[in-house]
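Asker: only geometry, no sequence info:
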Ligand code: ADP
Ligand code: GLC
């Protein structure tokens, strides 16, 4: 095991992100940022986080200090940001406040689509984060950015470093959580970014005549990571590369896949705040009670107590393969299983879910909402977990499902193939199928149902193996430390 850096490290690793649980979250990005920086911090790395101060930001933490009027130097005027500091489990977290950008009903979009000024909102965020850091006494060792919303930071850093010795020993790491979301905007917004004209090139931020913030990060970051080893390989191919595979291939030597972890303090049947009854691998009685309670809560047919309930939790988008599930719902209903879909997303998928709920009352339950407590109860109360994703950079919900004793049935892509040992392997923890085809998915589900019905001992053993899997963050955090070291700090001259 790599030794944690310990107390000798003096310079900070700044995480810059658009989401961090429990302050803000739309998906797995929020969960990851809610756990990784804190894990590093507890291992002795002086980590800190910067994120936007949304209207939706929920925090019971006291603001300890506000830095007023940080100049952001936006091209069209002397715009400033206020930065609030709180301390979260000992670690500093800074919120960038600029009401007209972040004091809104949602994070990125409304039902009508993305906010029209998302480019401006996140150009501002990147610039404000760097301006704030520039006002501190010492430059950080690393700025670790996540997804397109922070994609311009490595580009700014690249140019600032030439002009300002403050940044001389600061490197950037960029983590791709989802290559499909690129922050692609009209070329006219390039001027607003304030980047020099030479950045407008293939090896800069230009992408087929548009500004592409994710591409900026891929070109300028010191190191690129993504959230599973399999996805790191997949994105080098045309099939999974979302049009950026050729750029990624130029950076192959700097690209690493590090599997996400699970925050077991939040997610798990022994710890969750939201279950009617806790349970563990040693005492599974509570899982049955959670299933009974779920049936009652969702008004499902009582006979499902003795039939398998299959749960789905996620964004109702093509990525998650929800349409693949919808294609086989009638066949599954003929097999008399229960299905629960919790998610929101595309209207056509939401409508399909509601139609199935009307057609199969008591057996197909559709909850078109974002509700964290129900997500926990569904993990606990289901017998198996459905995840027919077309691609999955890591996927957290299948790891949560494993820990709740709910074997996943998933496509063999990205993080899903890295986290599930497929039946009939002697160490199986779930089921995986090859292509994102409804036929293959159905076959896998039927295999699972058959095992559940006819071989309860084998099923229970599989459940136990899944619950015992350890995806704690410590291992991943060590791998990130190794990346920080590789960025020139390993010689000891700067970092230790
Ligand atoms: P992604 O980030 O691609 O959406 P992940 O599996 O990494 O997928 O993470 C999804 C996170 O969002 C999990 O914490 C999951 O529980 C949560 N989530 C997704 N949809 C919902 C929902 N409708 N209600 C509650 N939680 C949800
Ligand atoms: C993205 C991916 C998901 C991953 C999450 C956290 O939203 O779609 O697979 O688990 O980021 O890294």
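Answerer: Yep, that arrived. Small disclaimer: the values here were computed from a predicted structure and weren't measured. Numbering: from 1, shown residues only. Ligands and ions are numbered 1, 2, ... in the order given.

Asker: how near is residue 109 to residue 285?
Answerer: Counting by CB to CB, to the nearest Å, the separation of residue 109 from residue 285 is 43 Å. In this view, the C-beta of every residue, glycine as well, is placed from N, C-alpha and C.

Asker: I meant residue 87, not that one.
Answerer: Counting by CB to CB, the gap from residue 87 to residue 285 is 40 Å.

Asker: more neighbours: the two, which one.
Answerer: Set side by side, residue 87 and residue 285 show unequal neighbour counts under other CB atoms under 10 Å, the larger going to residue 87 at 14 against 9.

Asker: the more buried one: which element?
Answerer: In this assignment (DSSP states H and E), residue 87 forms part of strand 80-88.

Asker: adjacent strands (with direction) for that strand?
Answerer: The strands beside strand 80-88 in its sheet (DSSP bridges) come out as strand 65-71 (antiparallel), strand 91-97 (antiparallel).

Asker: give me whichever of these is most buried.
Answerer: Taking mean count of other CB atoms under 10 Å as the contact definition, the stretch among these with the greatest mean neighbour count is strand 91-97, which reaches a mean of 21.

Asker: I'd like to know which elements whichever helix or strand comes after it is packed against.
Answerer: Remark: after strand 91-97, the chain's next helix or strand is helix 99-102, criterion DSSP H and E. Secondary structure elements in contact with helix 99-102, counted by 3 or more CB pairs under 8 Å, 6 or more residues apart in numbering; DSSP states H and E, are helix 118-134.

Asker: flag every buried residue along the helix it packs on.
Answerer: 118-133 (16 or more other CB atoms under 10 Å).

Asker: cool, and stretch 29-44?
Answerer: Judged by neighbour count (16+ other CB under 10 Å), stretch 29-44 contains these buried residues: 29-43.

Asker: now check that stretch, is it near ligand 2?
Answerer: Yes: part of stretch 29-44 sits near ligand 2 under the criterion CB under 6 Å from any ligand atom, namely 29, 32.

Asker: any idea what the nearest residue to residue 64 once chain neighbours are set aside is bridged to?
Answerer: Computed as CB to CB, 6 or more residues apart in numbering, the closest residue to residue 64 that is not its neighbour in sequence is residue 85, at 5.2 Å. On DSSP bridges, the residues paired with residue 85 through beta bridges are residue 65, residue 94.

Asker: wait, what's in contact with residue 85?
Answerer: 63, 64, 65, 66, 67, 92, 93, 94 (CB atoms under 8 Å, 6 or more residues apart in numbering).

Asker: ok, 6 Å please
Answerer: Residues near residue 85 by CB atoms under 6 Å, 6 or more residues apart in numbering: 64, 65, 92, 94.

Asker: do residue 420 as well
Answerer: For residue 420, counting by CB under 6 Å, 6+ apart, the contacting residues are 408, 410, 429, 430, 432.

Asker: need the pLDDT of it.
Answerer: We have a pLDDT of 98 for residue 420.

Asker: what about it, distance to residue 286?
Answerer: Taking CB to CB as the criterion, residue 420 is separated from residue 286 by 24 Å.

Asker: kindly report the same for residue 240.
Answerer: Distance, residue 240 to residue 286, using CB to CB: 39 Å.

Asker: is stretch 212-229 up against ligand 1 anywhere?
Answerer: No: for stretch 212-229, no contact with ligand 1 is found by CB under 6 Å from any ligand atom; the gap never falls below 8.1 Å.

Asker: leaving out chain neighbours, which residue sits closest to the residue in the stretch 51-200 of the chain that ligand 1 sits nearest to?
Answerer: In the stretch 51-200 of the chain, no residue comes nearer to ligand 1 than residue 178, which is 6.3 Å away by CB to the nearest ligand atom. Spatially, and ignoring its direct neighbours in sequence, residue 178 is nearest to residue 393 (5.5 Å; CB to CB, 6+ apart).
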